[in-house]
Each structure stands twice: as structure tokens, then as C-alpha cells.
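A.B. asks: Return a 3D structure for these sequence lines:
(chains A and B)
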Amino acid sequence: MYGGLALSFLNIFKSDAARRTALFAGHVVPDPSRCVQCGICTYNCPIGIDVRAYAWRGEAIKHNECLTCGECVARCPRGVLRFERTDLFTAGAG
Amino acid sequence: MRYIIVGTGVAGIAAIEAIRSVDKKGEMIMLGDDPHGFYSRPGLAYYLTGELHDKALFPKTREDYARLGFKYHKARVTRINRAEKTVLLDGRELLSYDKLLIATGAFATPLKVPGSALQGVLKLDHLDDARQILKLARRGKTAVVVGGGITALELTEGLLARGMNVHYLLRGDRYWGNVLDEHESRIVEKRLQEEGVTLHFHSELIEVIGRAGKVGGVRLLNGRTLKCDILAYAIGIKPRVELAREADLALDRGILVNEFLQTNDPDIYAAGDVAQVYDPLSGRSVLDSLWSPAREQGRAAGLNMAGQRISYIKGAPFNVTRLAGLTTTIIGAVGHGHDEDILGIARGDSETWRELPDASVAQGGFDMNHVRILVGEKTLIGAVVMGDQTLSTPLQKIISDKMDISCIHDKLLARNARVADVIVEYWSKYVASA
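C.D. replies: Numbers count the residues shown, from 1 in each chain, chains lettered A, B, ... in the order given. This is a model prediction of the structure:
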């Protein structure tokens, strides 16, 4: 881990990320209007997907190796990313 | 066709992408004197907290730039000659342009109290500022932060994360009182205090006290002094308009542009924090110093420079940030001055959050959630969503599209209304019928 996180309110996301793993099958989808390209998503992706580049393009993270582990969803400081169940991906998503 | 883009921020990059999308052959040259080029300025806050490495702040790779096919000169533009359609670089080299974009951004309003030049007086405007903060931040030492908005809070959180004792000075009686309501301010303040921040209300800095050329303390208007090793400030930003002023372009607080991002010189455009953009809906020219509008403006400017005719239409005000660890979305008019349209305010806190449909699951898992919705006769006028962001996307669309909410108006304003449930039910019906 780079640097030292002394703030307890920044650590609350971890358990949530784990919970998401079990709950959802689908894609992580960005809302580009919320994104400032900070790169926390890419920095934390356990398999090195450049999630930020998808967010710039406004595309769902349809990457073969994405585990939908939710690490990027949970860590994004601006709530850019969310899970969409593929079969229900209809109006109102954007 | 030669396009010149002055500035390396998001508006400039968005313009280059847009130009290339319609003009595959035109020559594009980006000019800027920032040694770091394009990086995420808002991401500096998370670099300070240690959530990411500074190398992670750069969104684009060499390959991305190569694909766009533009040249980059690290150079300062010192003059624009409109009659000859040239720019002067570093006072020496002349470059001609067909279309020029000024996207020079804004800079932090300087602190002007005595002692502002002492070592240890810090701002957060640039990657070098963030590096300087990290160099000087020491565990166990004391920092004072001044400023009323988001950047000041980011400084507070960053210094706190680095183990400093932080004193946060607020001019008024609560945090960000022109946007948040009292309850929301108190939520943020309580969380900061729980992390060890000392808040000083009704406190105004009048002097930074030096000790051998370094910050030793601060003096306040109320006569109090505080010892400290760092004074960090974020008291506003100013558009970087010098080039435009010297070129005699029309200015107000920023460079005045029409809805096509065009200045009073038809071959010169401006976008991003430096531009004051005409909004055809309100009839006013507005500054909008946020990342997303800067990107949208850059895109529209680029398309127009390349011969399209695209209006930039400002959406409902929209801002996303993180306040004391809570992701926060602010939509529409939520501050003062719009009271005449508001019939009532619907509020919901954690206890009203029940099972929400899981078709779309936004960020959650916060230890507290809060929503405030300003309800008008037929439409929702604004909203603040803190914590769980499930309601953000629906509220954003309901507010910006001025959707008719007459049918849920009474439910929202009922005593002890389950506000989140009412919005979700309304949204589910809309999605099902769309």
C-alpha cells in the first residue's frame, strides 16, 4: 500500500466489496459525468484492467478477465461505477 | 488546417479527440508550460490521502496520444497576434493557426495576509503543490487549513491522513453553508471531529506568523493565535485570462464565449475553467469550474473548430465529491436564492433506506446515508445525496429532464415519508414504461 491511510472513514468500503462478489453477475458500468479520471479504479483493479479508460469512453467494463469483484466500485471516491445485471440493462442506465 | 490548443487540461484533450473524430488529416498542436502535461487535477486529493500513487494520476498512455496524431510542444504562449493569426512561444518562436483554442484553466486565488510567502504556506492547485505538501507534512506536527469549500476539505483530509494534527478554520458557523443545509454541514463536521480535526468557527486568518522564514503559527481576527507548522489554504480560483486580455478578447470574469465556445474573434475559442460560457437557457454567461463541464466544453469547441455547429447546453448544476468519506452528489439548485419555487423539502436518512431493487447497484456500504430533495409543484428542483448513491442517477435524470412528479409530490412531503422508497418506486415505473 502506498502512503498511509489514517482515516477510518476511508476504510469502510472493504467488507462491502467482498459482499458484492457473491451477489452479482453482470458488468461494472461507469457514469462518465461523475468521473474525474483520478485512476483509483485502475490502481486497485486486482488484475490490472484499465477501468479508467472505460470510464472515459463511457463503456461498460466488458473485459474477459473482469471478476466483477467490486473493488473499483467500492473504492471510487465519486461513485462513478455501479453494477448492472446484464439482462436488465435497459433504459435509465445512463 | 492547423489547430492550436493552448493548455494541457481536460478541455484541451477533449478538444483534440473531438477534432480528430471529424477531421482525420488536420494538423493539431498542443501547447503548454505545465511540465506534467495532462493529469487528473481532482485526483490530487486522493494522492494526498495515500489512496493512489502520483504515477496513477496520468490517464493517457503514449499510445493513446500517438493514435490522436497531434504534436505537443512544452512551451508557454506569450502572445496571440489576431491580425496575423499567430501565437508567440516563450517570446521567440512564431506559430500560425487557422483555429485556436484557449484552455488555460484557472489558478488558486493567492493568500494575501502578511506572512503568505513563508515556507509552509501551501495550496493544492498542481501536482507540484501536492508533492510539496507531502514533503512538509509530518506525523504529529500541526497544520491549519483555511477555506470554505471542497478543496479545503480535501486538504484537511489529506493532512489528517498523513498523521498531522489539523485545525480547520471556518469563517461562518458551519461547513459549506451556501450549498449544504445545517444538518448536512453537521454530518460532515461531526465526522471530521471524530477523526480528530479541531474545527474553529467564526474564525478568520489575518496573519501567518513566521519563525526563521518558516510558518510558526497563525493569528486570527478574534485575537487568538495557533501554533502550527503548515498553513494550507483553498480560498477560490481565478480563470487564467492574461493571454486573452492582451489579445483584447472580450472578457468578464472569464473569457466570454457564445454557445459554440467562440470568442468575439471567430477563429478563437475558449473552453474549461477559463471560459465564461453563454447559456441560452438562462440568457446568462457563467463560469463552471468543474471537470465534466470542461470536458464537454472542450469537445463542443473541438467539433466547432473542425467545422461542425454544436451548441454547448449546460445541464442542471451537478457536482460529485467526497465529504469526510461520504460520496456526495449535488444536483440542481440546492443553495440559497431559489426558495420561491420550492414547496417543501423531503429528507431521508439511513433508517429510510430499505431494500432497493438490485437491477442497478451503485456504491453503497456507507455507515450513514442521507438524501435531501427540494420539491416543487410539478418538478424536483434539486437534491443532495450523501453516502449510498443508488438514488443519484434517478434524481439526476428526474431533475435535469424536469420530469413531472405531481403524482408523488404529496408522498414525498408527507410526515415521516420514506423518501428513498418513493423515488425508487417512481423510477422503477418510469424505467418499465420507457
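
A.B. asks: Identify the spatial nearest neighbour of residue 59, chain neighbours not counted.
C.D. replies: Assuming you mean chain A. Nearest non-adjacent residue to residue A:59, counting by CB to CB, 6 or more residues apart in numbering or on different chains: residue A:30, 7.5 Å away. To be clear about C-beta, it is placed using only N, CA and C from the backbone, and glycine gets the same treatment.

A.B. asks: let's do chain B instead
C.D. replies: residue A:37 is the one closest to residue B:59 (CB to CB, 6+ apart), at 4.3 Å.

A.B. asks: who touches the one you found in this structure?
C.D. replies: Residue A:37 makes contact with A:52, A:55, A:56, B:10, B:40, B:43, B:59, B:291 under the criterion CB atoms under 8 Å, 6 or more residues apart in numbering or on different chains.

A.B. asks: Mind doing that once more with 6 Å?
C.D. replies: Residue A:37 makes contacts with A:52, B:40, B:59, as judged by CB atoms under 6 Å, 6 or more residues apart in numbering or on different chains.

A.B. asks: Repeat that for residue B:386.
C.D. replies: Residue B:386 makes contacts with B:326, B:328, B:370, as judged by CB under 6 Å, 6+ apart.

A.B. asks: Can you verify my assumption that the last one contacts residue B:349?
C.D. replies: The reference is to residue B:370. Yes. Counting by CB atoms under 6 Å, residue B:370 does reach residue B:349; the two are 5.3 Å apart.

A.B. asks: what about residue 46, neighbour count?
C.D. replies: Unless you meant another one, I'm taking chain A. 10 (other CB atoms under 10 Å in any protein chain shown).

A.B. asks: The chain in question should be chain B.
C.D. replies: 29.

A.B. asks: which SS state does the residue nearest to residue B:59 fall under?
C.D. replies: What DSSP: H, G, I helix; E, B strand; the rest coil gives for residue A:37 is coil.

A.B. asks: Next, it: phi, psi?
C.D. replies: phi 60, psi 30 (degrees, to the nearest 10).

A.B. asks: Which of the contacts of residue A:37 ranks first by neighbour count?
C.D. replies: Most surrounded of those: other CB under 10 Å gives residue A:52, at 27 neighbours.

A.B. asks: so where's chain A shaky on pLDDT?
C.D. replies: Applying pLDDT under 70 to chain A picks out residues A:1-25, A:86-94.

A.B. asks: so where do the helices sit in it?
C.D. replies: Counting by DSSP state H, residue ranges of the helices within chain A are A:14-23, A:40-44, A:51-57, A:71-75.

A.B. asks: Residues of the stretch 151-300 of chain B that sit close to chain A?
C.D. replies: B:161, B:163, B:195, B:291, B:292 (CB under 6 Å from any CB of the partner chain).

A.B. asks: where are the low-confidence patches of the stretch 201-350 of chain B?
C.D. replies: Scanning the stretch 201-350 of chain B for pLDDT under 70 picks out B:336-340, B:350.

A.B. asks: what about 90?
C.D. replies: Low-confidence segments of the stretch 201-350 of chain B (pLDDT under 90): B:279-283, B:314-317, B:332-350.

A.B. asks: give me the residue from it nearest chain A.
C.D. replies: residue B:325 (2.9 Å; CB to the nearest CB).

A.B. asks: Ramachandran coordinates for that residue?
C.D. replies: Backbone torsions of residue B:325, given as degrees, to the nearest 10, read phi 90, psi 0.

A.B. asks: Relative to residue B:195, how far out is it?
C.D. replies: Separation of residue B:325 from residue B:195 (CB to CB, to the nearest Å) stands at 9 Å.

A.B. asks: Next, residue B:199: secondary structure please.
C.D. replies: strand.

A.B. asks: Am I right that residue A:34 is in contact with residue A:81?
C.D. replies: No. Residue A:34 is not in contact with residue A:81 according to CB under 6 Å; the separation is 8.9 Å.

A.B. asks: higher neighbour count, residue B:325 and residue B:195?
C.D. replies: When residue B:325 and residue B:195 are compared for neighbours, residue B:325 comes out ahead with 24 against 19, by other CB under 10 Å.

A.B. asks: Great, nothing more from me.
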